[in-house]
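> no sequence for this one, just the structure:
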């Protein structure tokens with residue numbers, strides 16, 4: 001594998017340093033944005049929870065008031081009071097007309113209030129006297145039904161609410177319906193118990209009118225469980241299937257929800273804000289004196305879950321901000337690469353200049369050596385004939401060294417320092433001729 005060049009390593013280090021610097025700047029900013037977004041999510045969840053709770057309670061309280069109002073209709077009391085009485089043909093005909101009128105009135109109620117699926121009247125012995133549901137027949141015994149057992153002993157103005165349960169499916173759409181029964185006793189002015197009224201609520205329809213199902217917040221989901229942790233949101237609207245145990249599916253959430261009347265729970269991907277609603281205690285907006293339910297169904301836990309803000313969520317919400325971050329990283333890396341290349345270029349030019357200088361010095365040394373050690377003698381004179389420079393070869397011929405020559409030139413003494421030889425004798429004569437002709441300074 002080919003080793004990286006120093007330039008490559010410097011480029012890599014510069015790029016990493018640029019990325020690290022931008023990251024150090026952006027991390028605190030991202031953390032602050034995330035915390036701000038988290039607080040906004042908490043406030044949003046709390047606001048949605050308030051709206052969800054108010055809408056759910058309003059729908060339930062309206063249904064409770066409707067049940068109480070219907071139970072006090074004179075025609076309802078008259079119909080139940082004549083259930084087991086021996087009547088004349090005229091009275092029997094009047095009772096049938098009264099029953100038909102009640103059926104028509106109940107039918108109009110179901111038509112204009114889509115939240116209801118059935119209205120039924122049971123006498124004091126649990127026999128069905130009137131019902132808008134065709135699957136039930138007149139006189140059918142329903143005394144063992146929970147709503148009859150719990151409602152028959154209640155006082156005037158009291159109601160029983162069942163836990164939501166699986167109802168019939170729509171054969172056309174295949175949608176599964178969930179229902180909730182509201183039962184209240186029918187008591188005449190003398191205090192005699194005539195029977196009970198059963199008003200069946202369409203649980204799907206009621207929850208579909210709540211803010212979470214109307215898409216008021218893109219990342220919000222509703223949480224609704226009873227006192228035993230049973231999931232009460234229809235499967236088409238909730239995170240779990242209807243009837244699933246929250247305790248088994250999300251033990252950490254249930255342990256917190258069960259322990260506190262209200263608060264919040266953090267999961268890996270959600271922030272859940274919740275509160276507890278006691279059906280038996282918190283029905284102040286209705287005309288009911290008392291509301292009871294099955295054991296474990298009285299205390300509902302209502303919650304709103306919103307997506308817990310994280311980096312991926314922030315990126316998805318801020319495409320333009322992400323583009324700015326990418327541009328910042330690109331500019332930082334580009335600047336660092338430019339700086340490294342500039343320094344590399346300067347260093348290359350400096351090395352090249354040093355090499356040229358050294359080459360010039362070597363060349364000058366070669367010329368000097370060529371001049372000093374040439375096979376012939378050289379000397380240089382100015383315009384006045386003053387000798388300024390003599391090469392080493394000529395000095396050797398004349399028998400001088402460099403220092404002795406300049407000393408003798410200053411004193412005017414031109415004696416050789418070395419014994420004269422035949423080879424230097426002609427040069428000495430020539431030199432004496434030259435020096436005699438040279439002007440001397442006074």
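Structure's in. What do you need? None of the values given here were measured: they were computed from a predicted structure.

> so how far is stretch 227-242 off the chain centroid?
When C-alpha coordinates are averaged (C-alpha atoms, centre = their mean, to the nearest Å), stretch 227-242 and its chain have centres 25 Å apart.

> What are the buried residues along that stretch?
227-234, 237-240, 242 (16 or more other C-beta atoms under 10 Å). The C-beta positions use only the backbone N, C-alpha and C, and glycine is treated the same way.

> Over to stretch 103-110?
Those would be 105-106, 110, for stretch 103-110 by 16+ other C-beta under 10 Å.

> Show me where the stretch 201-350 of the chain has its strands.
For the stretch 201-350 of the chain, the strands defined by DSSP state E, counting those that start in this stretch occupy 220-225, 262-266, 270-278, 290-293, 299-307.

> mind checking which of the ones you listed is nearest residue 161?
strand 290-293 (4.7 Å; C-beta to C-beta).

> list the buried ones in the closest one?
By 16+ other C-beta under 10 Å, the buried positions in strand 290-293 come out as 291-293.

> so residue 226 sits right up against residue 279, yeah?
No. Here residue 226 does not reach residue 279: they are 9.5 Å apart, not a contact under C-beta atoms under 8 Å.

> Could you measure from residue 245 over to residue 52?
According to C-beta to C-beta, to the nearest Å, residue 245 and residue 52 sit 22 Å apart.

> who has more neighbours, these two?
Applying other C-beta atoms under 10 Å to residue 245 and residue 52 shows that residue 52 carries more neighbours, namely 25 against 15.

> helix or strand for that one, which one?
helix 6-71 (DSSP states H and E).

> Same question for residue 197.
Element membership for residue 197 (DSSP H and E) is strand 193-202.

> Quickly run through the sheet partners of that strand, with directions.
Strand pairing for strand 193-202, determined by DSSP bridges: strand 116-123 (antiparallel), strand 176-187 (antiparallel).

> what packs against the helix or strand just after the shortest one?
This points to strand 116-123. Downstream of strand 116-123, the first helix or strand assigned by DSSP H and E is strand 128-131. With contacts taken as 3 or more C-beta pairs under 8 Å, 6 or more residues apart in numbering; DSSP states H and E, strand 128-131 sits against helix 74-81, helix 89-112, strand 116-123.

> which other residues reach the last one?
Counting contacts by C-beta atoms under 8 Å, 6 or more residues apart in numbering, the residues outside strand 116-123 that touch it are 63, 66, 70, 76, 79-80, 83-84, 102, 106, 109-110, 128-133, 136, 142, 148, 167, 177, 179, 186, 194-202.

> Distance from stretch 301-309 to the middle of the chain?
Computed by C-alpha atoms, centre = their mean, the chain-centroid distance of stretch 301-309 equals 14 Å.

> That stretch: which residues count as buried?
Residues 301-306, 308-309 are the ones in stretch 301-309 that count as buried (16+ other C-beta under 10 Å).

> Dump these into TSV; add pLDDT and distance to residue 117 as well.
Shown next, in TSV, are the buried residues of stretch 301-309 (pLDDT from 0 to 100; distance: C-beta to C-beta, whole Å):
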residue	pLDDT	distance to residue 117
301	90	26
302	90	23
303	89	27
304	88	27
305	86	29
306	85	32
308	80	38
309	76	41
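
> and which of these is nearest to residue 10?
Distance ranking of these against residue 10, using C-beta to C-beta, places residue 309 first at 39.3 Å.

> Please name the nearest non-neighbouring residue to that closest one.
Nearest in space to residue 309, with sequence neighbours left out and distances taken as C-beta to C-beta, 6 or more residues apart in numbering, is residue 37 at 4.2 Å.

> quick one: the one you found from residue 239, how far?
Distance of residue 37 to residue 239, computed by C-beta to C-beta: 22 Å.

> any weak-confidence spans in the protein?
The chain contains residues with pLDDT under 70 at 1-5, 83-92, 169-175, 211-218, 235-238, 282-285, 311, 313-318, 401-442.

> which stretches of the stretch 201-350 of the chain form helices?
Secondary structure of the stretch 201-350 of the chain (DSSP state H, counting those that start in this stretch): helices at 203-208, 246-249, 251-259, 311-317, 319-372.

> and for the second one, what are the contacting residues?
In this structure, residues lying in contact with helix 246-249 by C-beta under 8 Å, 6+ apart are 225, 229-231, 240, 253-254, 257.

> Show me which residues of it are buried.
For helix 246-249, the neighbour count (16+ other C-beta under 10 Å) marks 246-247 as buried.

> Work out the gap between that helix and the centre of the chain.
25 Å.

> and if you look at the first one?
Its chain's average C-alpha position is 30 Å from that of helix 203-208, according to C-alpha atoms, centre = their mean.

> For residue 107, which non-adjacent residue is closest in space?
Nearest non-adjacent residue to residue 107, counting by C-beta to C-beta, 6+ apart: residue 132, 6.1 Å away.

> for the one you found, what are its contacts?
103, 106-107, 110, 118-120.

> any idea which of those residues is closest to residue 329?
Nearest to residue 329 out of the contacts of residue 132 is residue 110 (C-beta to C-beta; 63.2 Å).

> Quick check: chain neighbours aside, which residue is closest to the closest one?
Nearest non-adjacent residue to residue 110, counting by C-beta to C-beta, 6+ apart: residue 116, 5.1 Å away.

> bridging residues for the one you found?
Note on residue 116: beta-bridge partners residue 201, judged by DSSP bridges.

> and it, how many residues sit next to it?
Neighbourhood size, residue 116 [other C-beta under 10 Å]: 23.
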